[in-house]
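**Q** give me a model of this one.
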Amino acid sequence: MITQLILFCSLLRNALRSRGDLLLENLALRQQLAVLSRRSSRPRLKPADRLFWSGLSRLWSNWRSAIVLVQPDTVIRWQRVAWRRYWSWKSRRGQPGRRRVATEIQELIRRLATENPRWGDIRILGELGKLGYTVSRQTVRRYRREVIARPPSQSWRTFLRNHAPHIWAADFFTIQTLTLKTLYVFLFISHDRRQLVHMNVTAHPNADWVWRQLIEATPWGEQPRFLIRDRDCCYGRSFNPGAARLGIDVILTPVRAPKANAVAERVVGTLRRECLDHLIVINERHLVRVLREYMAHYNDGRPHRTLGLVTPTGPPPRAAPPPTGRIIARPVLGGLHHEYEWAAA
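**A** Down below sits the predicted model:
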C-alpha cells in the first residue's frame, strides 16, 4: 500500500512538471542505464560520461534528483576539473603573453644557484644586476627552489635613518678552534654603507687591546660621530672617556637587548652562516686569514639588500651586458662563494 502511494505521488508530481524537465530527466536516466548495461563487474564511467554530467549540471538545475551512480559532489568536481582544463587549453603556449626569459639567463640563474647553494633569490638577483641583467625576483625564484626568509626587523629606526652616515657599531663574538681553544673576534661596521671597517682576533681580550683596535680603525681622524656597543667588560672603564676625546659619542645598548645593536648582530650572523659555520678553524693565524679574505669579499663583491643590491665599496652594476663576452667566476674561500664578472675582451 505504501509503495503504491509513493508511485501515485510521483506520477502526480510528474504531471505538474514541464515537458523539457521530463525530457532531461529521461535523458539522465537513460544515460545511467547505458552505463549499467556495459559488461563490467562494476559501473565504470568514461570521460564522455563525465563530460555529459558536467554539461547537464549546467543546463538543468534539478539534475541532482536524477543521479544514482555517483554523488552530486563528484559531478561538481568533474565540472571544476573540466573548467580548469578548458582554461589551460585556452592559455596554452603560443598565445600572446609575457615574453619568456632568455635561455642564457635561465642557465645563468641555475649556475649561480648550483655553485652557491646557500644563496637565496635576492642574493642571486644582486649578482645578476652586477652582470647587467635586469629580471624580477619571481623569475629568479622560478628557476631555483629555495624561498628566502623574510628580512629582519630594525630597531631604533628613526635614529638610524637620520644618523646612519655617522654611526659605527662594535661587537664581539667567539669561535672555537680545532684544539677547543676559544678565540674572540672584534669588529667595527659602518651603518651607512654596511662596510666592515675593521676586524681582528685575539685569545685574551682586554681594555688595552680593544682601545688599540679603535685607534687602528680610525686613522687620520676618520672616526664616526656615534659608536654603538654593548656593555661587555672587555671595553674597560676608560674606553668611553677616551672615545669622547676623539670626538666619538659612545651609545650603550640596554641590558639583554641585542636588537639595539641590530646591524652588528646581523653581520655576526652573516659571518657565521656564510663563512665560519662551514670551516674548521685551526688556530688564530688561520682565522685571521679567513676573516680578511671574507672581509674583502663582503665589502667589494657581495651585494647588500639594504644598499639596493650593490656592494659597499665595489663598482656599480653595469647598465647592460656587453653584446659578446664570457662570464667568469672567481672563487672566494676555496669555492665557498663566488664572484662573477665579464671576462676582459
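**Q** quick one: the helices in the stretch 151-300 of the chain, in order.
**A** Under the criterion DSSP state H, counting those that start in this stretch, the stretch 151-300 of the chain contains helices at 157-163, 207-217, 239-245, 262-274, 284-300.
**Q** and the contacts of the last one?
**A** Residues outside helix 284-300 that contact it (CB atoms under 8 Å, 6 or more residues apart in numbering) are 175, 177, 183, 185, 195-196, 199-203, 270-271, 274-276, 279, 281, 311-314, 332-333, 337, 339. For the C-beta atoms, the positions are set from N, CA and C on the backbone; glycine is no exception.
**Q** check the third one too.
**A** With CB under 8 Å, 6+ apart as the test, helix 239-245 has contacts from 207, 210-211, 214, 227, 249-250.
**Q** change it to 7 Å
**A** Contacts to helix 239-245, defined as CB atoms under 7 Å, 6 or more residues apart in numbering, come from residues 207, 210-211, 214, 227, 250.
**Q** can I get the helices of the stretch 151-300 of the chain in a markdown table with mean pLDDT, mean neighbour count and distance to Leu36?
**A** Listed next are these as a markdown table, based on pLDDT from 0 to 100; neighbours: other CB atoms under 10 Å; distance: least, CB to CB, whole Å:
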| stretch | mean pLDDT | mean neighbour count | distance to Leu36 |
| --- | --- | --- | --- |
| helix 157-163 | 71 | 12 | 72 |
| helix 207-217 | 95 | 15 | 88 |
| helix 239-245 | 94 | 14 | 92 |
| helix 262-274 | 94 | 18 | 65 |
| helix 284-300 | 95 | 17 | 73 |
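**Q** of these, which is nearest Ser57?
**A** Nearest to Ser57 among the helices of the stretch 151-300 of the chain is helix 262-274 (55.0 Å), distances taken as CB to CB.
**Q** and the angle from that closest one to helix 284-300?
**A** Angle, helix 262-274 to helix 284-300, by axes from the mean of the first three to the mean of the last three CA atoms, to 10 degrees: 110 degrees.
**Q** how far out from the middle of the chain is helix 262-274?
**A** Remark: helix 262-274 is offset 18 Å from the chain centroid, using CA atoms, centre = their mean, to the nearest Å.
**Q** filter the contacts of helix 284-300 down to the buried ones, PyMOL style.
**A** Provided next is the PyMOL selection string for whichever of the contacts of helix 284-300 are buried by 16 or more other CB atoms under 10 Å:
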select buried, resi 175+177+183+185+195+196+199+200+201+202+270+271+274+275+276+281+311+312+332+333+337+339
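**Q** next one: the closest residue to Val250 other than its chain neighbours from Arg318, what distance?
**A** Take Val250 and drop its neighbours on the chain: the residue closest to it by CB to CB, 6 or more residues apart in numbering is Asn240, 4.6 Å away. Asn240 sits 45 Å away from Arg318, going by CB to CB, to the nearest Å.
**Q** show me where pLDDT drops low in the stretch 101-250 of the chain?
**A** 145-160 (pLDDT under 70).
**Q** if you set the cut-off to 80 instead, what comes out?
**A** 117-118, 144-163, 221 (pLDDT under 80).
**Q** which residues in the stretch 101-250 of the chain form strands?
**A** 167-176, 182-190, 196-202, 226-229, 249-252 (DSSP state E, counting those that start in this stretch).
**Q** got the CA positions of the last one in PDB?
**A** To tie it back to what came earlier, the one meant is strand 249-252. In PDB, the C-alpha atoms belonging to strand 249-252 read as follows (Å, rounded to 0.1, in the frame of the first residue of the first chain):
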ATOM      1  CA  ASP A 249      79.900  59.600  21.400                       C
ATOM      2  CA  VAL A 250      79.600  56.000  22.700                       C
ATOM      3  CA  ILE A 251      76.000  54.800  23.000                       C
ATOM      4  CA  LEU A 252      75.500  51.800  25.300                       C
END
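**Q** tell me how far it lies from the chain's centre.
**A** 35 Å.
**Q** who are the packing partners of it?
**A** With contacts taken as 3 or more CB pairs under 7 Å, 6 or more residues apart in numbering; DSSP states H and E, strand 249-252 sits against strand 226-229.
**Q** what's the neighbour count on the nearest residue to Ile109 once chain neighbours are set aside?
**A** Nearest in space to Ile109, with sequence neighbours left out and distances taken as CB to CB, 6+ apart, is Tyr143 at 4.4 Å. Here the number of neighbours of Tyr143 (other CB atoms under 10 Å) works out to 18.
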